[in-house]
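Engineer: here you go, sequence then predicted model.
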Amino acid sequence: MASSFAAIAGGIGGVVVVFLGVIFFICFRSFRGRKYSNRNSDSASSDPSAVVSVELKRGGSFGPSRLFRMEELEKATKHFDENSLIGCGSFGLVFKGLLCDGTVVAIKRRLGTPKQEFTEEVARLSRIQHRNLVSLLGYCQDSGYSMLVFEYLPNGSMHNHLYDTGKESATKLEFKQRLSIAIGTAKGLSHLHSQHPSIIHGNFKTANVLVDEDFIAKVADAGILKLLEKIDDAGPSGLSSFNAFKDPEINQIGIHCETSDVYSFGVFLLELVTGRDASHIDEFGSNQSVLDWVEKQLSSEQLVDHRLLGSFTAEVMKDFVKIALRCMSFPGRYRPTMETVVLDLEKILEREMMHTTVMGEGTSTVTLGSQLFTN
């Protein structure tokens with residue numbers, strides 16, 4: 001009898017222990033859940049993409065992008081003071097900021113309500129890391145604004161170095177330097193196209209080629225076009241006006257593709273050679289005007305930027321211009337891939353380095369554009 005009682009007592013005791021264990025487990029999970037919820041609330045109380053934000057901060061599968069607090073960015077820009085304003089792009093106003101850790105950043109800001117699509121696209125773009133792409137460091141959605149935080153490039157854009165007559169570039173951009181910048185830019189675009197699925201820039205132009213303190217080229221605004229299409233119901237209206245870099249075939253097929261970026265890169269190469277701003281062609285806009293501009297440059301006695309005289313060889317310049325024209329071929333299927341363009345430009349640089357090393361600096365004569373193609 002005593003043994004039976006002991007057995008029953010032992011069984012009850014075991015049940016009690018299990019029961020208490022279950023209660024403890026439930027309480028523990030409840031506490032963890034509240035703590036996790038509070039963390040979400042603290043980080044992005046008005047952001048519907050809080051779960052994605054937490055994963056980003058943890059360095060999870062969404063990528064290395066960082067969720068910035070509005071207070072951080074306000075402090076970095078002195079509350080977005082006009083003295084911190086350095087430009088305006090397709091995404092919105094651009095501010096220069098100094099983070100607490102001493103990092104200098106470029107902050108792009110536009111009006112916008114928090115959207116999950118915005119956060120997910122930022123996470124995807126932040127995973128695209130390359131020496132010749134401007135790095136996306138993070139984002140913020142707060143107080144009616146959507147913001148992107150990028151690395152800051154101190155030497156600005158190639159557009160400024162080619163056309164800003166208000167100040168002299170600290171470094172003279174000779175042909176070999178422009179060729180190196182073209183190669184770096186091509187590598188950046190090629191890396192975008194090599195992604196799965198491929199990333200189309202869609203708004204490539206000279207102003208989106210930035211250079212660092214060593215004049216290493218970095219492509220800016222990669223993927224911004226698609227981001228704007230996802231978060232703007234009406235689409236990125238700022239891109240609808242005439243654009244000399246826009247592939248005319250887009251009007252026929254209705255979408256941007258890899259060959260569209262290749263066409264834009266061809267216009268960029270011509271700007272590097274001529275030193276003339278393609279965006280000034282026919283402000284009312286027509287596709288034929290771009291082709292007329294190209295033909296005019298090739299028949300001009302001043303095809304080559306006068307600042308390049310004495311820094312190139314005619315044979316190499318001829319091949320460089322040929323690559324630009326191939327990039328602008330019609331129909332688009334005849335254009336080379338950006339990977340091929342990189343290889344061709346590298347061969348040209350190798351030849352130019354060899355010629356200028358063995359023979360001294362290049363020709364100082366002005367070559368007619370048409371004469372470049374007589375042989």
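Structural biologist: Great, that's in hand. Since we're looking at a predicted model, the values are computed, not measured.
Engineer: residue ranges of each domain in this structure, please.
Structural biologist: 66-151, 158-373 (automatic domain parsing).
Engineer: worst average pLDDT in those?
Structural biologist: Among the domains of the chain, domain 158-373 has the lowest mean pLDDT, at a mean of 82.
Engineer: related to what we said a few turns ago, columns mean neighbour count on top of the domains of the chain, output as JSON lines?
Structural biologist: The way it works is simple: take the backbone N, C-alpha and C, and place the C-beta from them, glycine included. Below are the domains of the chain laid out as JSON lines (neighbours: other CB atoms under 10 Å):
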{"stretch": "domain 66-151", "mean neighbour count": "17"}
{"stretch": "domain 158-373", "mean neighbour count": "18"}
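Engineer: show the contacting residues for residue 216.
Structural biologist: 131-132, 184 (CB atoms under 8 Å, 6 or more residues apart in numbering).
Engineer: before we move on, what about residue 340?
Structural biologist: Contacts of residue 340 (CB under 8 Å, 6+ apart): none.
Engineer: hey, C-alpha coordinates of the helix or strand hosting it in PDB?
Structural biologist: Per DSSP states H and E: residue 340 is located in helix 338-359. What follows is helix 338-359, C-alpha atoms only, in PDB (Å, rounded to 0.1, in the frame of the first residue of the first chain):
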ATOM      1  CA  MET A 338      29.600  45.400 -71.400                       C
ATOM      2  CA  GLU A 339      32.000  42.500 -70.700                       C
ATOM      3  CA  THR A 340      33.300  42.700 -74.200                       C
ATOM      4  CA  VAL A 341      33.600  46.500 -74.000                       C
ATOM      5  CA  VAL A 342      35.800  46.100 -70.900                       C
ATOM      6  CA  LEU A 343      38.100  43.700 -72.700                       C
ATOM      7  CA  ASP A 344      38.300  46.000 -75.800                       C
ATOM      8  CA  LEU A 345      39.100  49.100 -73.800                       C
ATOM      9  CA  GLU A 346      41.700  47.300 -71.800                       C
ATOM     10  CA  LYS A 347      43.500  46.300 -75.000                       C
ATOM     11  CA  ILE A 348      43.400  49.900 -76.100                       C
ATOM     12  CA  LEU A 349      44.900  51.100 -72.800                       C
ATOM     13  CA  GLU A 350      47.600  48.500 -73.100                       C
ATOM     14  CA  ARG A 351      48.500  49.700 -76.600                       C
ATOM     15  CA  GLU A 352      48.400  53.400 -75.600                       C
ATOM     16  CA  MET A 353      50.700  52.800 -72.600                       C
ATOM     17  CA  MET A 354      53.100  51.000 -74.800                       C
ATOM     18  CA  HIS A 355      53.100  53.700 -77.500                       C
ATOM     19  CA  THR A 356      53.500  56.600 -75.200                       C
ATOM     20  CA  THR A 357      56.300  54.800 -73.200                       C
ATOM     21  CA  VAL A 358      58.300  53.900 -76.300                       C
ATOM     22  CA  MET A 359      57.600  56.900 -78.400                       C
END
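Engineer: can you pull out the strands in the stretch 1-150 of the chain?
Structural biologist: All strands of the stretch 1-150 of the chain, identified by DSSP state E, counting those that start in this stretch, fall at 66-67, 85-88, 93-98, 104-111, 136-142, 145-151.
Engineer: so which of those strands comes closest to residue 328?
Structural biologist: strand 85-88 (27.6 Å; CB to CB).
Engineer: note down every partner strand of the closest one and its orientation.
Structural biologist: For strand 85-88, sheet partners with direction are given as strand 93-98 (antiparallel), following DSSP bridges.
Engineer: ok, residues contacting stretch 90-100?
Structural biologist: 72-73, 75-77, 80, 84-88, 104-111, 148-149, 152, 203, 221, 224-225, 227-228, 236, 238-239.
Engineer: pull up the distance across that stretch, start to finish.
Structural biologist: Using CA to CA, to the nearest Å, the end-to-end distance of stretch 90-100 comes to 28 Å.
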